[in-house]
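K.L.:
My questions concern the predicted model and sequence given below.
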Amino acid sequence: MPMTRYRASYIVFPAATLAAGLAIGFLNLPGDWYAQLRKPSFNPPDWIFGPVWSVLYLMIGAAAARLWTACPSGAAMRLWWLQMALNLFWSPLFFRMHRPHFALVDIVGLLSAILAFVIFAWREDRVGALLFLPYAAWVSFATVLNGAILLLNGETYWSSLSDP
């Protein structure tokens with residue numbers, strides 16, 4: 001593999017992943033709807049999400065760069081693309097469309113894709129797989145949080161779906 005492709009992937013993947021994550025975040029800000037929802041006691045303060053996701057997106061991008069240079073068309077790389085699609089779709093589902101039930105389905109799929117990525121990446125590049133472990137932990141927490149918010153707001157939320 002040419003050295004320039006190898007070096008470029010370590011710039012392009014982290015930068016593009018971070019840019020995509022930031023763009024989705026800015027285009028789908030929580031807003032008043034989210035502020036009015038009941039949240040569980042373990043809900044972190046709003047300011048924590050931006051820094052955590054920024055670090056995670058850089059790690060997700062670094063993992064992609066490693067896998068891209070090792071096996072660009074392998075199962076792990078295909079799972080990387082799948083988890084990115086599911087990751088980027090969650091915010092519009094939850095914050096823009098106000099559909100936490102669909103967001104919960106999405107995030108369960110996302111967590112499954114992340115865990116599958118770790119398993120498949122382990123065969124090709126253990127460092128790439130390990131870079132996904134904090135991401136898996138955060139998305140596990142976010143899955144519980146999404147479910148708790150849905151449960152805490154269920155009665156109000158489900159009745160709003162039937163309103164014309």
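P.N.:
Cool, got the structure.

K.L.:
Which helix or strand lies directly C-terminal to the host helix or strand of residue 61?
P.N.:
For residue 61, the element it lies in under DSSP states H and E is helix 49-70. Heading C-terminal from helix 49-70, the first helix or strand you meet, by DSSP H and E, is helix 75-91.

K.L.:
Give me the buried stretch members for stretch 19-29, please.
P.N.:
Using 16 or more other C-beta atoms under 10 Å as the test for burial, stretch 19-29 gives 20, 21, 24, 25, 28. Where C-beta positions appear, they are placed from N, C-alpha and C, glycine not excepted.

K.L.:
Out of those residues, which sit inside helices?
P.N.:
Per DSSP state H, helices hold the following members of these: 20, 21, 24, 25.

K.L.:
Which of these sits closest to residue 103?
P.N.:
residue 24 (12.9 Å; C-beta to C-beta).

K.L.:
correct me, but the closest one touches residue 95?
P.N.:
No: under the criterion of C-beta atoms under 8 Å, residue 24 is not in contact with residue 95, lying 9.6 Å apart.

K.L.:
Tell me what angle the helix or strand hosting residue 151 forms with helix 75-91.
P.N.:
Assigned by DSSP H and E, residue 151 belongs to helix 133-152. Angle, helix 133-152 to helix 75-91, by axes from the mean of the first three to the mean of the last three C-alpha atoms, to 10 degrees: 30 degrees.
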